[in-house]
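Engineer: fold the following.
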Amino acid sequence: NSSHAPRRVRWSLGLAALGLLACDTNVLNPSLISTSGLNPATASAQNVLTLSAQQSAWAAYNNIVYAEGAFAGEAWITSISTTVVDFGRRTESPQPENVSGTTWWGPLQTALAANEQVVALLKTVAGADTSTNLARASFYAGMLIQHMAETSCVGVITGGPALTPAQTLDSAVVRLQRAIAIGTANGGKAADSLGKAADVALAQIYLQKKQYANAITTAALVPATFSLVANYIVNLANQSRVSNMVYEGAVTGSGRSWVLPATYQALNDPRVPWTDLKRLAYDPLEFVLSTKYTSDASPIRLESGLEASYISAEANLQLGNTAPALALLAARHAAGGNPPFTGSTANAILTDLMDQKSRDFYMEAKMMADYQRNPAFLPYVAPAGAAFYWSNPTPFGNEICFPLTLGESNANPNFPPNYISPQYVYPPGMP
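Structural biologist: Model prediction:
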């Protein structure tokens, strides 16, 4: 508990936060920050802690993008690790070192804990109701919990009890609504941007929960041109924390962990650019390199007005109103240089909506939520039983979420001994 001395909480600092260190913060080691070395009543200390937690969220988002991409068919895995292959095949079993734990669960929990600690700290200081820093930490905590709910069969928030996906989504809502309220009360550009980002995330949660009217109303609050991104930099000494590791995973050394699937190669769509390096990556897979991200400094989009448009279009479609989806499809087909959409049935519209969204948000950690809502309508997710892309004959499985790693349940006193995670499959789908 960061608000009670003498217990100490350490904070890993990214370069964005390091730039805000000042003499009056009295920090002896700038790579590790303890709240006992900072006065949380000062603006400089609040900035340091909040931007450090934001950097943790950006670092974790790298892992979330890779994990969701591999699971949802956006990336073909070239790692020789058996557990990673099971992950891409959607046949992962709970185990202490499965890819859920090492690839995305650990970084997500670390980032979530950092932002939750900042929230707890800043709620105690004057001006919390209009604090941009509190809005920032609340948004990132909510966003991380949202992704947990949309990907994991079991939710756990900073060492707490097991949560169902629905309970996990509800936990995200509380944090996102706080960010929205602060953004409205503050009125400044930064706080408003965080509030708009929270609107997108909240609209997505309403869509996931089939609260279509709420999804439409909330999505309408977001301007079409809005975008919030995670910014990265080139820094070889601290690469895993401050650089775009989705790019690194595609292009460098032992990090060549994924290639562009053949289904995406065949699109010839400028939203999914690639180049064939004319050599094997692993097993039978040609090294076809995605060029969506072109350097360690490439940003990754987190929330946007475009996503809000997709949310509204799908929610309207579920309520029987096809007009928003048809208008959006016309615009997105034109953006990708695709032939005009000519379908008219609800199923045809939903299939094409998921197709265009897969192109617009390729490798941005959006597809697993879509897969859980509409598992029969995502054209680039291989169906259960289809041949795997390796020469290994074991086919794709039917999992639709990550089982909780035993590393979490064994270390968490809220779980009974020998706990085994539920593993939801399609059909029937998420509970």
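Engineer: show me the contact partners of stretch 227-241.
Structural biologist: 12, 14-16, 55-59, 61, 193-194, 196-197, 242-245, 248, 295-306 (CB atoms under 8 Å, 6 or more residues apart in numbering). Backbone N, C-alpha and C define where each C-beta goes, glycine included.
Engineer: what about it, average pLDDT?
Structural biologist: Stretch 227-241 comes out with an average pLDDT of 95.
Engineer: which parts of it are buried?
Structural biologist: Within stretch 227-241, the residues that qualify as buried are 227-228, 230, 232, 238-239, 241, counting by 16 or more other CB atoms under 10 Å.
Engineer: quick revisit: can you flag which of the contacts of stretch 227-241 belong to helices?
Structural biologist: When the contacts of stretch 227-241 are checked against helices (DSSP state H), the matches are 15-16, 55-59, 61, 193-194, 196-197, 242, 245, 248, 305-306.
Engineer: sorry, back to before: of the buried residues of stretch 227-241, closest to residue 386?
Structural biologist: residue 230 (32.8 Å; CB to CB).
Engineer: kindly list the main-chain dihedrals of that closest one?
Structural biologist: Residue 230 adopts backbone torsions of phi -90, psi 120, taken as degrees, to the nearest 10.
Engineer: same question for residue 338.
Structural biologist: According to degrees, to the nearest 10, residue 338 has phi -90, psi 150.
Engineer: report the contact partners of it.
Structural biologist: 269, 332, 356.
Engineer: local confidence estimate at it?
Structural biologist: pLDDT for residue 338: 97.
Engineer: and it, how far from residue 272?
Structural biologist: 12 Å (CB to CB, to the nearest Å).
Engineer: follow-up on the earlier one: which of the contacts of stretch 227-241 are buried?
Structural biologist: Judged by 16+ other CB under 10 Å, buried ones among the contacts of stretch 227-241: 12, 14, 16, 55-59, 61, 193-194, 196-197, 242-245, 248, 296, 298, 300-306.
Engineer: any low-confidence regions in the stretch 251-400 of the chain?
Structural biologist: The stretch 251-400 of the chain contains residues with pLDDT under 70 at 252-256.
Engineer: could you rerun that using 90?
Structural biologist: Along the stretch 251-400 of the chain, the parts satisfying pLDDT under 90 run over 251-257, 278-286, 390-394.
Engineer: got the phi/psi numbers for residue 346?
Structural biologist: Residue torsions, per degrees, to the nearest 10, at residue 346 are phi -60, psi -40.
Engineer: who touches the closest residue in space to it that isn't next to it in sequence in this structure?
Structural biologist: Sequence neighbours aside, residue 317 is the residue nearest to residue 346 in space, at 6.3 Å (criterion: CB to CB, 6 or more residues apart in numbering). Residues near residue 317 by CB under 8 Å, 6+ apart: 324-325, 346, 349-350, 353.
Engineer: residue 317: what secondary structure?
Structural biologist: helix (DSSP: H, G, I helix; E, B strand; the rest coil).
Engineer: distance of it from residue 329?
Structural biologist: For residue 317, the distance to residue 329 - CB to CB - is 11 Å.
Engineer: equivalent analysis for residue 369, please.
Structural biologist: In terms of CB to CB, residue 369 sits 20 Å off from residue 329.
Engineer: what does residue 258 give?
Structural biologist: Distance from residue 258 to residue 329, by CB to CB: 29 Å.
Engineer: pick out whichever of the two has more residues nearby.
Structural biologist: Comparing residue 258 with residue 329 by other CB atoms under 10 Å, the one with more neighbours is residue 258, at 25 against 21.
Engineer: ok, the closest residue in space to the more buried one that isn't next to it in sequence - contacts?
Structural biologist: The shortest distance from residue 258 to any residue other than its chain neighbours is 3.7 Å, reached at residue 75 (CB to CB, 6+ apart). Listed by CB under 8 Å, 6+ apart, the contact set of residue 75 reads 66, 69, 88, 258-261, 290, 363.
Engineer: same thing with residue 171?
Structural biologist: By CB under 8 Å, 6+ apart, the neighbours of residue 171 are 145, 149, 155, 157, 163.
Engineer: so residue 294 is in contact with residue 247, correct?
Structural biologist: Yes: taking CB atoms under 8 Å as the definition, residue 294 is a contact partner of residue 247 at 7.0 Å.
Engineer: those two: which has the busier surroundings?
Structural biologist: Of the pair residue 294 and residue 247, residue 247 is the one with more neighbours under other CB under 10 Å, namely 24 against 12.
Engineer: nearest spatial neighbour of the more buried one, chain-adjacent residues omitted?
Structural biologist: residue 293 (3.9 Å).
Engineer: hey, which strand is longest across this protein?
Structural biologist: Using DSSP state E, we find that the single longest strand of the chain is strand 274-282.
Engineer: output the contacting helices and strands for it.
Structural biologist: With contacts taken as 3 or more CB pairs under 8 Å, 6 or more residues apart in numbering; DSSP states H and E, strand 274-282 sits against strand 285-290.
Engineer: repeat the analysis, applying 10 Å as the threshold.
Structural biologist: strand 76-77, helix 245-251, strand 258-259, helix 262-265, strand 285-290 (3 or more CB pairs under 10 Å, 6 or more residues apart in numbering; DSSP states H and E).
Engineer: figure out which of these is closest to residue 107.
Structural biologist: helix 245-251 (9.9 Å).
Engineer: so how far is residue 85 from the nearest residue to residue 284 once chain neighbours are set aside?
Structural biologist: Spatially, and ignoring its direct neighbours in sequence, residue 284 is nearest to residue 391 (5.5 Å; CB to CB, 6+ apart). Here residue 391 is placed at a distance of 11 Å from residue 85 (CB to CB).
Engineer: which of those two has more neighbours?
Structural biologist: residue 85 (21 against 9).
Engineer: now that one. Nearest residue, chain neighbours left out?
Structural biologist: Using CB to CB, 6+ apart, the nearest residue to residue 85 is residue 77, at 6.1 Å.
Engineer: same thing with residue 92?
Structural biologist: Computed as CB to CB, 6+ apart, the closest residue to residue 92 that is not its neighbour in sequence is residue 86, at 4.8 Å.
Engineer: with residue 74 instead?
Structural biologist: Per CB to CB, 6+ apart, closest to residue 74 is residue 363, 5.4 Å.
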